[in-house]
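> output the structure for:
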Amino acid sequence: MTDVDMTDVDMKGVDPKGRMFSWPFSGNGLGGVGVGGQPVSEAVPTPGPAELLVRVDAVTLCASDGKMLRLGTDYPLLRGRDLQAQPTRLGHEVALTVVAVGQQRRGQYRVGQRLGLQPDVFVGGERRCFGVTLPGGLTQYLVLGSDVLEGDDGPYIFSVGGLDPDGRLSLADVAVTEPWACVEMAYQPKRRLQPLAGGRLWIHGDSAATGFVLPPFPGSEMTLSGSAQDYAEALSAQGHRIQRNELADILNGSQTFDDILLLDPADDLPERALPLLSRGGLLNLSVSADNTRRYETQVDASRLHYEPISLVGQAGPEVGAAYGEHRSDLRPGGSLLIHGAGGAMGRMHLERALSLPHPPGTIVATNRGAARLSELNLSFAAWAAARGVRLKLISPVQHPGFLEEEARRLGGFDDVVVNIPSLSEMQYAANFLRQDGLLALFAGIPEGQRLRLPLGNVAHFRAEFTGTSGSSLADQRRVIQKTLSGELDASSVIAAVCGLRAAREGLAAVMDGRYTGKIVVYPPLLDLPLLGLEELATVAPGVYAGLNAGRWTKAAEDALFAQFAQPVPTEAQP
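Numbering: from 1, shown residues only. Below you'll find the predicted structure:
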């Protein structure tokens with residue numbers, strides 16, 4: 001490999017002819033994973049002078065992988081891509097080791113360096129997700145190029161050794177950092193909560209004498225309609241470029257806006273205005289204190305989850321009061337509904353809530369089936385009691401009316417987190433929110449599916465309607481710090497293990513909901529079958545002995561590698 005540092009390169013587990021196995025994805029569900037249901041053999045890639053060759057040590061499978069399998073090119077981030085002509089590769093939750101360093105990267109990275117990766121990559125403002133639009137980790141080796149190493153926020157990888165010099169973290173700990181970071185991100189102020197500097201702002205008012213006091217706006221382009229045109233002279237004096245327009249022309253036009261400010265609008269206007277909000281835009285609903293309209297508004301749930309748009313408001317003359325700090329984390333001592341808590345991500349939300357310095361006073365966790373509720377009880381009931389948290393587990397399917405009764409007893413929930421990718425389930429859960437509550441849509445659905453929300457609660461009661469997709473490097477580092485401090489047991493979510501050949505079976509298990517937790521794929525253990533942790537007691541008792549109260553540990557992982565590592569590479573078939 002020209003201009004590449006191959007000193008001490010570790011090619012263990014790769015065919016002596018320089019070939020490897022990987023699982024490309026060409027659409028059409030599980031049938032599009034691999035070729036004929038098998039991984040493909042291909043040459044180990046050659047990195048360029050500005051690239052890194054890395055070994056994939058671990059990949060944890062995600063519900064998003066199952067969603068991509070189901071939706072194919074209907075998945076929002078893959079829309080418009082011909083997967084047959086341009087296949088991708090799943091696997092965005094990874095632990096990596098540097099194998100070869102291009103000449104231009106020497107001094108920055110070294111062979112043998114452990115890496116974590118943030119899959120949400122932005123280049124020139126364009127989102128390129130590792131494991132979605134960029135080929136992911138269901139392979140033995142891959143090349144990291146400039147998009148990952150020199151994105152808009154710098155490198156989208158981080159040195160694990162810099163955070164964990166003693167090597168206390170397992171490979172699974174590192175891989176599962178990303179989904180844990182997504183859970184962390186769900187409670188961080190990700191939305192834009194101030195007008196965009198230099199952006200396009202539309203202000204509309206219905207009242208002939210508004211009485212609203214506008215704050216200084218950083219936007220330079222302003223469109224005024226309705227009685228908001230009364231502000232034209234003052235805004236012009238501040239140096240803004242003002243355009244007056246008729247409401248009908250704005251609603252029927254193609255112009256979009258970074259910020260929309262509606263002053264005492266008609267009941268249906270927020271819903272009609274939302275499609276004009278740019279990606280990641282902010283809508284401010286400011287109303288008079290005596291305005292009692294509920295503003296029942298249909299909101300595209302995917303925009304809350306994937307973009308996310310911001311919905312803020314205030315009641316009174318001071319429009320600027322709507323901006324600034326908003327609650328994004330769970331209310332200490334409050335009531336929390338986790339709708340869809342039985343799967344891996346729901347369990348993570350529950351574990352995080354119980355780990356908080358000041359947890360909710362009541363947590364209601366739902367799941368369709370009783371078996372998973374029983375597992376939640378075994379895993380969390382004693383812990384909740386020790387923390388003084390009342391934990392209630394409900395199956396709305398098997399016990400209809402129980403959740404409604406609990407919501408009435410509590411007077412609604414302060415916080416509602418939805419982990420089910422279903423509009424009807426999102427709507428069902430949102431109906432239990434208190435007027436000043438926080439709704440977090442953790443699961444995503446295809447665009448165009450609209451959720452009915454009382455936007456008036458945002459203005460009068462400071463309700464919060466949010467969503468989240470992805471995470472950041474800062475969130476991942478926070479997870480590692482919590483893991484090392486003992487505040488969080490990151491690997492607690494692992495429910496099964498397998499090698500690379502069994503990755504397709506693992507994806508099928510994700511789609512079927514076979515396990516309550518995550519599956520970790522270890523590509524170096526090529527032929528390790530898919531095994532639930534309880535199966536290890538029979539198949540690998542030495543590995544099972546390394547579990548801690550049934551939870552995955554570094555000791556168990558080390559024993560797994562000791563038993564299943566292949567001293568002689570498996571011959572790859574052409």
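> list the helices and strands the longest helix anywhere in the chain packs on?
In terms of residue count, the longest helix belonging to the chain (DSSP state H) is helix 370-386. Under the contact criterion of 3 or more Cβ pairs under 8 Å, 6 or more residues apart in numbering; DSSP states H and E, helix 370-386 touches helix 344-355, strand 362-366, strand 390-394. No exception for glycine: its C-beta is placed from N, CA and C like everyone else's.
> let's see it at 6 Å
Under the contact criterion of 3 or more Cβ pairs under 6 Å, 6 or more residues apart in numbering; DSSP states H and E, helix 370-386 touches strand 390-394.
> next helix or strand past the lowest-mean-pLDDT helix or strand in the chain?
Ranked by mean pLDDT, DSSP states H and E, the weakest helix or strand in the chain is strand 4-5, scoring a mean of 58. Past strand 4-5, further along toward the C-terminus, the next helix or strand under DSSP states H and E is strand 19-22.
> now do that following strand, average pLDDT.
Per-residue pLDDT values across strand 19-22 average out to 95.
> show me how far the next helix or strand after that strand is from its chain's centre.
Note on strand 19-22: by DSSP H and E, the next helix or strand toward the C-terminus is strand 24-25. Shown here is strand 24-25, whose average C-alpha point lies 22 Å from the average C-alpha point of the whole chain (Cα atoms, centre = their mean, to the nearest Å).
> before we move on, what about stretch 449-465?
Taking Cα atoms, centre = their mean, the mean C-alpha location of stretch 449-465 is offset from the chain mean by 22 Å.
> what sits up against that stretch?
With Cβ atoms under 6 Å, 6 or more residues apart in numbering as the test, stretch 449-465 has contacts from 270, 285, 287, 293-301, 311, 313-315, 326-327, 423, 426-427, 435-439.
> check what pLDDT T73 gets.
Per the predicted model, pLDDT is 86 at T73.
> so what's L560 closest to, chain neighbours aside?
Nearest in space to L560, with sequence neighbours left out and distances taken as Cβ to Cβ, 6 or more residues apart in numbering, is V543 at 4.9 Å.
> now do the SS call for that neighbour.
Taken by DSSP: H, G, I helix; E, B strand; the rest coil, the conformation at V543 corresponds to helix.
> so what's it up against?
Applying Cβ under 6 Å, 6+ apart, one finds that V543 lies in contact with L536, A556, A559, L560.
> how far away is it from T516?
When distances are taken as Cβ to Cβ, to the nearest Å, V543 and T516 turn out to be 19 Å apart.
> same question for A58.
Counting by Cβ to Cβ - A58 and T516 are separated by 19 Å.
> domain ranges for the chain?
4-186+474-564, 200-322, 335-436 (automatic domain parsing).
> quick one: closest of those domains to E447.
Using Cβ to Cβ as the criterion, the shortest distance between E447 and the domains of the chain is 4.1 Å, found for domain 200-322.
> so who does R501 touch?
Applying Cβ under 6 Å, 6+ apart, the residues contacting R501 are L526, D527.
> next, it: phi, psi?
Here is the backbone geometry of R501 (degrees, to the nearest 10): phi -60, psi -30.
> wait, P215 touches G320, no?
Yes: contact criterion Cβ atoms under 6 Å: P215 and G320 qualify, at 3.2 Å.
> between those two, which has more neighbouring residues?
When P215 is set against G320 and neighbours are counted by other Cβ atoms under 10 Å, the residue ahead is G320, at 17 against 13.
> pLDDT below threshold where in the stretch 101-250 of the chain?
Counting by pLDDT under 70, the stretch 101-250 of the chain contains low-confidence residues at 208-210.
> tell me where it has strands.
Listed in chain order, the strands of the stretch 101-250 of the chain (DSSP state E, counting those that start in this stretch) span 114-117, 120-123, 126-129, 141-144, 157-159, 200-205, 221-226, 241-244.
> for A186, which of those is the nearest?
Among those, the nearest to A186 by Cβ to Cβ is strand 120-123 (13.9 Å).
> spatially nearest residue to E318 (excluding sequence neighbours)?
Leaving aside its sequence neighbours, E318 sits nearest to V213 (Cβ to Cβ, 6+ apart; 5.5 Å).
> for the one you found, give its distance to A495.
Counting by Cβ to Cβ, the gap from V213 to A495 is 55 Å.
> all the helices of the stretch 101-250 of the chain, residue numbers only.
146-149, 160-163, 171-175, 177-185, 232-237, 247-252 (DSSP state H, counting those that start in this stretch).
> need the pLDDT of P308.
Taking P308 on its own, its pLDDT is 88.
> oh, I was asking about V9
According to the model, V9 scores 53 on pLDDT.
> repeat that for T2.
On pLDDT, T2 comes in at 52.
> now for the closest residue to Q563 other than its chain neighbours, how many residues are close by?
Distances taken as Cβ to Cβ, 6+ apart put A540 closest to Q563, at 5.6 Å, once the chain neighbours are dropped. Residues near A540, counting by other Cβ under 10 Å, number 20.
> how near is A540 to K554?
Plainly put, A540 is 16 Å away from K554 if you go by Cβ to Cβ.
> again with L484
Looking at L484 against K554, where the rule is Cβ to Cβ, the gap reads 12 Å.
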